[in-house]
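sequence and computational prediction follow.
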Amino acid sequence: MKIAVLPGDGIGTEIVAEAVKVLKVLDLPFEMEEAKVGGAAYEAHGHPLPESTLALAKSADAILFGAVGDWKYDTLDRPLRPEQAILGLRKHLGLFANFRPALCYEQLTHASSLKPELVAGLDILIIRELTGDIYFGQPRGRRTAVDGHFPGAEEAFDTMRYSRPEIERIAHVAFQAARKRNKKVTSVDKANVLETFQFWKDVVTEVHKDYPDVELEHMYVDNAAMQLVRAPKKFDVVVTGNMFGDILSDEAAMLTGSIGMLPSASLNAENRGLYEPSHGSAPDIAGKGIANPLATILSAAMMLRFSLQQPEAADRIESAVRAVLAAGYRTVDIWSEGTQKVSTREMGDAVVAAIAGKTITTITKS
Ligand SMILES: NC(=O)c1ccc[n+]([C@@H]2O[C@H](COP(=O)([O-])OP(=O)(O)OC[C@H]3O[C@@H](n4cnc5c(N)ncnc54)[C@H](O)[C@@H]3O)[C@@H](O)[C@H]2O)c1
Ligand SMILES: CC(C)[C@H](C(=O)O)[C@@H](O)C(=O)O
Ligand SMILES: [Mg+2]
């Protein structure tokens with residue numbers, strides 16, 4: 001079994017180093033091979049997703065990914081920008097189903113920007129379609145407008161589109177996931193305005209006929225954004241398109257206490273997957289050693305469960321994360337009065353120690 005390790009840019013290298021440390025202490029029979037991706041690969045090879053990195057990703061049983069991007073690449077031609085690496089991996093590997101579980105750990109109810117009672121016990125699953133929508137629709141580009149409000153003006157355009165099979169397969173994923181949870185799916189759309197999302201709503205409704213035991217509700221994306229901060233615990237599984245899912249999952253991250261707590265799994269039809277935190281390369285804190293590595297460590301746990309058939313090892317990681325939080329360890333993004341501020345590396349070390357069965361010093365004030 002082989003894991004491709006792609007740390008990427010910014011805090012990507014710092015947080016992936018901690019997840020790798022955690023995987024190593026589990027002493028499982030797989031090898032890890034690292035490659036450059038994003039801005040780091042552009043610097044070394046002139047391309048954000050070099051052939052060699054793509055080949056490694058394709059040959060591996062699973063991919064552990066950090067994050068890509070930095071402001072300094074924002075003026076490059078689009079195909080050379082770091083973000084094209086993650087988009088390219090998703091597309092080349094057919095990773096259409098993105099699972100972003102938003103779980104509020106008991107110890108972090110006070111780290112959320114919402115009132116504790118709104119997020120205590122929160123456990124929702126956002127399922128984001130990941131290879132379609134306006135992200136990948138063609139045509140796109142710049143041109144001179146021939147109509148619209150300003151004919152003759154320079155304009156830019158993208159294409160939002162979804163085909164029936166693309167919607168059907170993500171709807172099946174959502175209903176099947178809901179069957180293993182609280183049997184409720186909220187399909188988020190903008191059917192009141194966009195034809196793409198009227199079609200989305202129609203197809204999801206048709207697929208639902210195969211799952212009479214699962215409740216389906218439809219919700220417009222603007223309302224969903226509001227309901228997520230009004231009463232987040234009313235959701236179970238949320239299924240939506242690529243762009244709405246991107247935005248709503250960052251919003252949901254704050255329900256868990258921090259964007260640094262939200263892991264993700266991106267799977268293809270064969271259950272092969274790429275595992276990464278939902279956040280980005282955080283150039284504002286990169287190199288400071290303060291990033292929260294838990295979203296990446298929890299993504300590694302998802303990798304063990306979904307792609308590497310090691311559910312017990314995944315459980316061990318998740319229990320260790322609970323143990324270090326219970327013991328009061330906090331990176332700065334989740335710190336609150338009475339807990340101990342630790343660095344990225346100290347947080348990783350604490351998870352490793354908890355897995356190894358060493359006693360974690362409790363540093364929470366009583
Ligand atoms: N999948 C990916 O690789 C991915 C995802 C999102 C953004 N990006 C890229 O990352 C770059 C920065 O984008 P952004 O600033 O909009 O989003 P971001 O997610 O990188 O950061 C947003 C904010 O959250 C904080 N943050 C993020 N992760 C954190 C962590 N683990 N611990 C503590 N704080 C954390 C950052 O410091 C920042 O203030 C851009 O180039 C963007 O394109 C990449
Ligand atoms: C970096 C970017 C392409 C990416 C996305 O929009 O999908 C990111 O925001 C994410 O959520 O993984
Ligand atoms: Mg995003």
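Nice, thanks for sending it over. Ligands and ions are numbered 1, 2, ... in the order given.

please enumerate the strands of the chain.
Counting by DSSP state E, the segments of the chain that form strands are 2-8, 31-34, 62-67, 97-103, 123-129, 141-144, 154-157, 184-189, 215-220, 237-240, 265-267, 273-275, 329-330, 340-341.

ok, which of those strands comes nearest ligand 1?
For ligand 1, the closest of these is strand 62-67, at 3.8 Å, according to Cβ to the nearest ligand atom. In this view, the C-beta of every residue, glycine as well, is placed from N, C-alpha and C.

the closest one vs strand 2-8, what angle?
If you take axes from the mean of the first three to the mean of the last three Cα atoms, to 10 degrees, strand 62-67 sits at 10 degrees to strand 2-8.

how about strand 62-67 and ligand 2, any contact?
No: using Cβ under 6 Å from any ligand atom, we find that strand 62-67 stays clear of ligand 2, coming within 7.7 Å at best.

for that strand, packing partners?
strand 2-8, helix 11-25, helix 83-92, strand 273-275, helix 294-306 (3 or more Cβ pairs under 8 Å, 6 or more residues apart in numbering; DSSP states H and E).

between it and helix 11-25, how big is the angle?
Interaxial angle, strand 62-67 versus helix 11-25 (the same axes, to 10 degrees): 150 degrees.

and the contacts of strand 62-67?
For strand 62-67, the external contacting residues (Cβ atoms under 8 Å, 6 or more residues apart in numbering) are 3-13, 15-16, 19-20, 23, 32, 37-38, 57, 86, 89, 93, 272-277, 279-282, 296, 299-300, 303, 307-308.

that strand near ligand 1 anywhere?
Yes: for strand 62-67, a contact with ligand 1 is found by Cβ under 6 Å from any ligand atom, at Ala67.

quick revisit: now tabulate the strands of the chain in TSV and tack on mean pLDDT and mean neighbour count.
Shown next, in TSV, are the strands of the chain (pLDDT from 0 to 100; neighbours: other Cβ atoms under 10 Å):
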stretch	mean pLDDT	mean neighbour count
strand 2-8	98	24
strand 31-34	97	12
strand 62-67	98	27
strand 97-103	97	23
strand 123-129	98	24
strand 141-144	97	10
strand 154-157	97	11
strand 184-189	98	24
strand 215-220	98	16
strand 237-240	98	28
strand 265-267	98	24
strand 273-275	98	27
strand 329-330	96	26
strand 340-341	95	15
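
would you mind giving these as JSON lines with distance to Leu255 added?
Below are the strands of the chain laid out as JSON lines (distance: least, Cβ to Cβ, whole Å):
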{"stretch": "strand 2-8", "distance to Leu255": "26"}
{"stretch": "strand 31-34", "distance to Leu255": "32"}
{"stretch": "strand 62-67", "distance to Leu255": "21"}
{"stretch": "strand 97-103", "distance to Leu255": "6"}
{"stretch": "strand 123-129", "distance to Leu255": "8"}
{"stretch": "strand 141-144", "distance to Leu255": "37"}
{"stretch": "strand 154-157", "distance to Leu255": "33"}
{"stretch": "strand 184-189", "distance to Leu255": "15"}
{"stretch": "strand 215-220", "distance to Leu255": "17"}
{"stretch": "strand 237-240", "distance to Leu255": "12"}
{"stretch": "strand 265-267", "distance to Leu255": "19"}
{"stretch": "strand 273-275", "distance to Leu255": "21"}
{"stretch": "strand 329-330", "distance to Leu255": "17"}
{"stretch": "strand 340-341", "distance to Leu255": "22"}
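
remind me which residues of the protein are low pLDDT?
Low-confidence segments of the chain (pLDDT under 70): 359, 362-366.

ok, which residues in it are in contact with ligand 1?
Neighbours of ligand 1 within the chain, by Cβ under 6 Å from any ligand atom: 11, 15, 67-70, 83, 86, 259-260, 276, 279-285, 291-292, 295, 333.

how does the chain divide into domains?
With domains defined by automatic domain parsing, the chain comprises 1-96+268-366, 101-130+162-259.

just send these back as a markdown table, with distance to Arg142 too.
Formatted as a markdown table, these follow (distance: least, Cβ to Cβ, whole Å):
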| stretch | distance to Arg142 |
| --- | --- |
| domain 1-96+268-366 | 11 |
| domain 101-130+162-259 | 20 |
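
before we move on, the earlier item: among the helices and strands packed on strand 62-67, which comes closest to ligand 2?
Among the helices and strands packed on strand 62-67, the nearest to ligand 2 by Cβ to the nearest ligand atom is helix 83-92 (4.2 Å).

other SSEs contacting the closest one?
Applying 3+ Cβ pairs under 8 Å, 6+ apart, one finds that helix 83-92 contacts helix 51-59, strand 62-67.
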